[in-house]
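Asker: predicted model and sequence below, questions to follow.
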Amino acid sequence: MGDDHDSGMNVPESRAPWERPLADSSYRDAHTTGRRRRPPPETQQPNPTPPPRARRDSAPSARRDSAPSARRDSGRIGRRSPQDATEATSVADLVKKVDDEDRTEVIPAVGEQTPGPPPAEPAEPDWAADNRETTVIPQSVGNSSVTRLAMNRIRRRRRLRVAGRTAVALVAVMALVCTGVVWGYLRSTEGKFEQIAALDMESTDIVDAGGQLGDETYLIVGSDTRAGASGNIGAGTVADAEGARADTVMLVNIPADRSRVVAVSFPRDLNVERPVCQAWDNQAGEYTDETYAAADDAKLNATYALGGPKCLVKVIQKLSGLKIGHFVGMDFAGFEAMVNEIGGVEICTTRPLVDNMLGTILPETGTQRLDGHTALNFVRARHVPAEGTGDYGRIIRQQKFLSSLLRGALSNDVLLNPGKLNGFIDAFTRDTFVENIDTKSLLTLGRSLQNVDAGAVTFLTVPTAGTTDWGNEIPRIDDIEAIFQAIIDDEPLPGEERPNPTTPPEAEKPVEEEKPSTAAAVDPSTVSVQVSNASGVSGLAGDTADNLAAYGFEIFSVGNYTESSQSTRMRYAPGHEADAVSVASAIPGAVLESVKGFGSTVELVLGGNFSGTVTDPAAVGTVLDATPDLFGNPVVADIPEDLAVVNAADTTCG
């Protein structure tokens with residue numbers, strides 16, 4: 001669209017006839033009329049060299065010679081130099097560039113030159129006569145050759161061309177806004193994320209992996225490190241608190257249909273079982289050759305301090321059963337920078353916020369806009385006598401703050417403000433350390449979430465039951481399992497305002513169909529099986545999977561079950577009875593367990609009573625008993641009623 005680059009030979013045919021400046025007599029003296037085509041190979045005719053075109057005021061050579069900003073030195077995970085974020089073209093620069101290209105060349109006034117006698121035309125080669133085009137450049141400049149009507153047409157064409165370029169620019173900008181402008185610009189930051197090792201997506205702690213296909217689950221961690229830039233913003237120094245702990249831990253799940261977002265917060269002092277973990281050096285941002293032994297009664301935040309992101313992911317994955325596919329870590333400085341870049345976040349409080357450690361944070365009540373530094377203290381404070389809830393009061397404040405941050409970041413005030421938008425994105429890429437995060441996946445995710453209402457974004461807090469002698473929060477395991485089972489099954493959650501137009505009114509709900517008592521065996525190649533070992537016999541699941549595969553069954557995964565069991569059973573979702581009985585027919589003693597929302601994959605749980613024998617499966621079409629035994633009732637999660645819930649659409653002051 002623009003001419004601000006030097007492409008070498010500037011031939012006349014590079015422009016359409018209505019884009020060419022009107023030719024004067026000096027140009028006609030040196031050039032023939034019409035377009036020239038490249039001569040055929042067998043007749044190498046010299047092509048006259050036209051004079052160079054006028055160029056706009058630009059300096060492409062300077063742009064080509066300018067080197068990109070140097071990347072920061074490797075070292076501690078965390079901030080990068082701000083100049084890194086300016087390497088790529090920003091949204092504002094993109095708009096400015098399009099605007100610059102809309103400037104047109106000045107057309108000389110008609111009649112300013114007196115046309116001279118037309119020069120004699122040079123002899124034209126035969127090939128040119130054969131390929132001559134009908135479009136002809138005007139032969140003279142002035143009233144004698146170009147009528148007023150013709151000039152009006154030329155000016156109209158130029159105005160239409162300028163209007164067209166302007167329209168293209170406006171459409172391009174609006175398209176960015178309407179299709180996820182945040183992540184559209186983020187394409188230019190490809191490669192700037194600080195990648196670290198954190199995930200374990202083959203873990204045997206994952207519950208119902210088949211039922212989580214298509215889900216996106218992010219573990220977001222706020223580190224309390226005082227190293228680097230975090231020590232320069234008033235958060236303390238390394239001498240005050242050496243290392244880094246998980247100050248904030250939040251697990252975010254987005255189902256495959258992208259109909260909602262669920263964020264579950266974990267108290268930093270939650271009592272957990274720490275597995276064997278490789279040691280983590282926070283200052284260097286890497287793992288060492290040392291290992292830490294497994295331990296009971298460990299604090300969640302200390303798990304991160306010792307074993308870093310890998311160890312924390314293992315613990316959260318075991319507690320939740322969710323398949324964590326993405327990790328995002330951030331320190332104090334990164335949080336403060338992102339809040340400042342969007343001009344602060346508006347919150348409302350009914351009482352002043354005073355912390356015994358941080359002092360007075362909010363001296364006034366009511367609605368107020370917090371800058372990055374105040375916002376950081378707002379979400380950090382956990383010694384607030386007026387709340388009397390310790391870490392739980394802080395978690396509620398964090399969730400309310402993030403709800404407001406979400407509403408603000410997705411508002412037109414940010415999306416349509418290139419300065420705020422670019423700054424927020426640059427801060428995100430500069431001040432985070434991640435695994436399995438890239439611009440393409442974020443762009444896709446952002447577009448898929450465009451229609452999610454704020455009411456479909458729910459924040460929950462893991463429930464606990466008092467503390468241990470060491471002050472650790474005791475998790476309510478059964479209730480936690482119920483919460484995450486509901487998330488896996490995409491069941492409604494307390495406080496959720498997700499619209500569901502497909503759900504009929506209460507009076508119109510259909511009567512639950514009676515479960516079939518028989519089912520016909522199907523072709524083994526159509527059955528996906530997950531084999532889990534609950535017997536305690538090492539290698540049993542692998543051997544059984546090999547035997548089933550020999551009969552044609554598709555093996556989805558092999559691993560250990562979450563707990564030991566004496567019974568061998570086939571777990572399946574209602575509607576997949578045929579798959580379940582087909583596998584069970586090859587496993588003597590297996591009983592059926594119907595599990596609501598289990599997905600299309602059936603799970604064979606090998607218990608202590610399994611002999612290890614795999615027999616020929618029933619022939620296709622054989623009618624088999626499909627009555628669930630021992631575990632006949634579908635497993636339905638009972639979500640606790642005393643959950644602490646915050647909905648992102650709630651704007652009430654509190």
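Answerer: Perfect, thanks for sending it. Note that the structure is a prediction, hence the values are computed from the model and not measured.

Asker: in this structure, where is pLDDT below threshold?
Answerer: 1-191, 225-245, 389-390, 409-416, 443-444, 447, 499-515, 597-598, 629-637 (pLDDT under 70).

Asker: any idea how it splits into domains?
Answerer: 1-56+110-167, 518-625 (automatic domain parsing).

Asker: sec struct for residue 315, please.
Answerer: Using DSSP: H, G, I helix; E, B strand; the rest coil, the structure places residue 315 in helix.

Asker: give me every residue that touches it.
Answerer: When contacts are counted by Cβ atoms under 8 Å, 6 or more residues apart in numbering, residue 315 is found next to 272-275, 300, 303. Glycine gets a C-beta too; all of them are placed from N, C-alpha and C.

Asker: for these, work out which two are farthest apart.
Answerer: 275 and 300 (12.9 Å; Cβ to Cβ).

Asker: just say helix, strand or coil for the residue lying closest to residue 274 once chain neighbours are set aside.
Answerer: Counting by Cβ to Cβ, 6 or more residues apart in numbering, residue 274 lies nearest to residue 298, which is 4.0 Å off, once chain neighbours are set aside. With three-state DSSP as the basis, residue 298 sits in strand.

Asker: so who does residue 298 touch?
Answerer: 271-274.

Asker: now, those that are in strands?
Answerer: 271-274 (DSSP state E).

Asker: out of those, who's the most crowded?
Answerer: Highest neighbour count within those, by other Cβ atoms under 10 Å: residue 272, with 25 neighbours.

Asker: quick one, what contacts it?
Answerer: Each residue near residue 272 by Cβ under 8 Å, 6+ apart is listed here: 298-300, 303, 315, 319, 475.

Asker: quick one on the thing from earlier: could I get the ones in strands among the contacts of residue 298 in TSV, plus columns for distance to residue 555?
Answerer: Converted to TSV, those look like this (distance: Cβ to Cβ, whole Å):
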residue	distance to residue 555
271	37
272	32
273	30
274	32
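
Asker: which pair of the residues you listed spans the longest distance?
Answerer: 271 and 274 (10.4 Å).

Asker: number of nearby residues for residue 332?
Answerer: 30.

Asker: residue ranges for the helices of the stretch 551-654 of the chain, please.
Answerer: Here the stretch 551-654 of the chain has its helices, by DSSP state H, counting those that start in this stretch, at 577-584.

Asker: pull out the buried residues from stretch 379-394.
Answerer: Of the residues in stretch 379-394, 379-382, 384, 387, 390-394 count as buried by neighbour count, 16 or more other Cβ atoms under 10 Å.

Asker: of these, which is the nearest to residue 521?
Answerer: Here the nearest of the buried residues of stretch 379-394 to residue 521, counting by Cβ to Cβ, is residue 392; it sits at 52.7 Å.

Asker: can you classify the closest one as helix, strand or coil?
Answerer: helix.

Asker: surely it meets residue 467?
Answerer: No. With contact defined as Cβ atoms under 8 Å, residue 392 does not reach residue 467; the gap is 11.7 Å.

Asker: which elements pack onto the helix or strand harbouring residue 399?
Answerer: Residue 399 belongs to helix 391-409 when elements are defined using DSSP states H and E. Packing partners of helix 391-409 (3 or more Cβ pairs under 8 Å, 6 or more residues apart in numbering; DSSP states H and E): strand 261-266, strand 345-349, helix 372-380, strand 457-461, strand 645-647.

Asker: many thanks, have a good one.
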